[in-house]
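>>> Output the structure for:
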Amino acid sequence: MNKVICLMGPTSIGKTALSISLCEQFNIEIISVDSVMIYKEFNIGSAKPSSLTLKKYPHSMIDIIEPWETYSVAFFYRDLLRNLDDIHKRGKIPLLVGGSMMYFKTFLIGGLSQMNQVSSQIRGKVNQMFEENGLEYLYKFLKNVDKESAKKIHHNDKYRIIRLVEIYFSNNKEKPSKIFNKCLENVQYYDTLNISIIPNDRSLLHLRIEQRLEKMLNEGFLDEVSSIKDRYPSKNLPALRTIGYKEANSYLEDRIDIESMKYQILASTRQLAKRQITWLRHLDATTVFTLLDNGNILRRVDSFLHKN
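The predicted structure follows:
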């Protein structure tokens with residue numbers, strides 16, 4: 001069975017540096033699992049590796065679509081399978097690296113084929129439930145119909161609560177957790193090592209997030225956003241709605257001042273990191289390490305690659 005390594009962690013945790021270290025020591029090739037790095041020209045704000053790094057350590061799934069194009073989870077899964085196959089044919093082991101947890105989840109449950117698509121009618125119905133009764137009601141509803149799914153997410157996680165209720169109604173009121181488990185039973189294509197990096201000191205992660213923002217600004221992040229806006233003035237660019245780019249766009253349009261921009265980016269990034277950590281803590285079959293465990297991670301990968 002072909003091997004795959006998944007290296008997961010919250011934003012700013014140091015996944016890129018660790019993945020390069022793994023490339024230097026093992027016969028592996030990196031696949032990016034990041035929903036912003038897929039876009040061409042969105043470089044600084046996504047913390048995309050430099051062109052020199054990409055030349056020395058090739059990454060699949062970076063710069064694969066134009067700034068105005070949309071890209072779904074289904075497209076990701078399709079492209080991922082093709083890249084996994086290509087890397088295995090070259091005699092290497094794929095290393096999936098990133099923080100886009102929905103992308104990782106799609107791979108780990110074997111795609112979306114066993115879930116019915118959410119219709120506009122059901123989406124409208126669930127949205128009406130939310131608008132009329134609030135998020136607390138919707139979470140209680142989910143907890144009542146599927147306790148297993150409800151306990152794995154935060155009661156204020158609006159996106160996932162709504163998404164799970166939509167899945168429930170779209171699949172003849174079958175529990176989302178039961179659907180996911182069915183998918184897991186059918187995933188027999190790969191021997192997978194899942195590694196999660198979770199900080200044991202949240203303040204250290206917050207410091208890293210602040211340092212990353214300052215680095216972005218010093219490298220010309222605002223110039224990058226301004227240039228993108230100038231090149232595509234009539235385009236509705238999906239990546240301009242992501243964390244960092246959204247706030248920078250508001251600043252460049254004089255809707256907020258620069259200090260407000262920084263505050264909003266930091267607050268949104270911390271919230272993202274919190275959601276990522278929560279998801280990772282509930283992920284089964286994963287080996288968890290902290291920021292200072294690089295040596296142990298290398299030994300774990302070595303053991304995995306050399307097992308029969």
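
>>> so who does the residue lying closest to L84 once chain neighbours are set aside touch?
In this structure, L84 finds its nearest non-sequential neighbour in P94, 5.2 Å apart by C-beta to C-beta, 6 or more residues apart in numbering. In short, each C-beta sits where N, CA and C put it, glycine included. Residues in contact with P94 (C-beta atoms under 8 Å, 6 or more residues apart in numbering) are 4-5, 28-29, 31, 83-84, 87-88.

>>> Make sure P94 is indeed in a helix.
No - with DSSP: H, G, I helix; E, B strand; the rest coil as the criterion, P94 is located in strand rather than a helix.

>>> Run through the bridge partners of it.
Note on P94: beta-bridge partners by DSSP bridges are E29.

>>> quick one: it from V4, how far?
Counting by C-beta to C-beta, to the nearest Å, the separation of P94 from V4 is 5 Å.

>>> Kindly point out which residues are neighbours of both of these two.
Residues touching both P94 and V4 (C-beta under 8 Å, 6+ apart) are L84.

>>> what ranges do the helices span in the stretch 51-200 of the chain?
51-56, 73-89, 101-108, 120-133, 135-145, 147-151, 158-170, 176-185 (DSSP state H, counting those that start in this stretch).

>>> shaky segments in this structure?
Applying pLDDT under 70 to the chain flags residues 109-117, 180-189, 284-286, 291-292.

>>> Break it down into its domains, please.
Split into domains by automatic domain parsing, the chain comes to 2-112+188-306, 120-181.

>>> Could I get the contacting residues of Q264?
Contacts of Q264 by C-beta under 8 Å, 6+ apart are 247, 250, 256.

>>> now do 7 Å
With contact set as C-beta atoms under 7 Å, 6 or more residues apart in numbering, Q264 has these partners: E247.

>>> one step back: could you turn the buried ones of the contacts of P94 into a ChimeraX selection?
ChimeraX command restricting the contacts of P94 to the buried ones, with burial defined by 16 or more other C-beta atoms under 10 Å:
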select :4,5,28,29,31,83,84,87,88
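
>>> List just the nearest of the contacts of P94 to K215.
Nearest to K215 among these, counting by C-beta to C-beta, is I31 at 24.5 Å.

>>> Pretty sure that closest one sits against M61.
Yes - I31 lies in contact with M61 (C-beta atoms under 7 Å); the separation is 5.4 Å.

>>> Overlap in contacts, the two.
Residues touching both I31 and M61 (C-beta under 7 Å, 6+ apart) are N83.

>>> middle-most residue in the chain, spatially?
Nearest to the geometric centre of the chain sits S100, at 0.3 Å (C-alpha atoms, centre = their mean).

>>> where's the residue nearest to that one when sequence neighbours are not counted relative to E69, distance?
For S100, ignoring the flanking residues on the chain, the nearest one in space by C-beta to C-beta, 6+ apart is S35 at 4.4 Å. Distance of S35 to E69, given as C-beta to C-beta: 13 Å.
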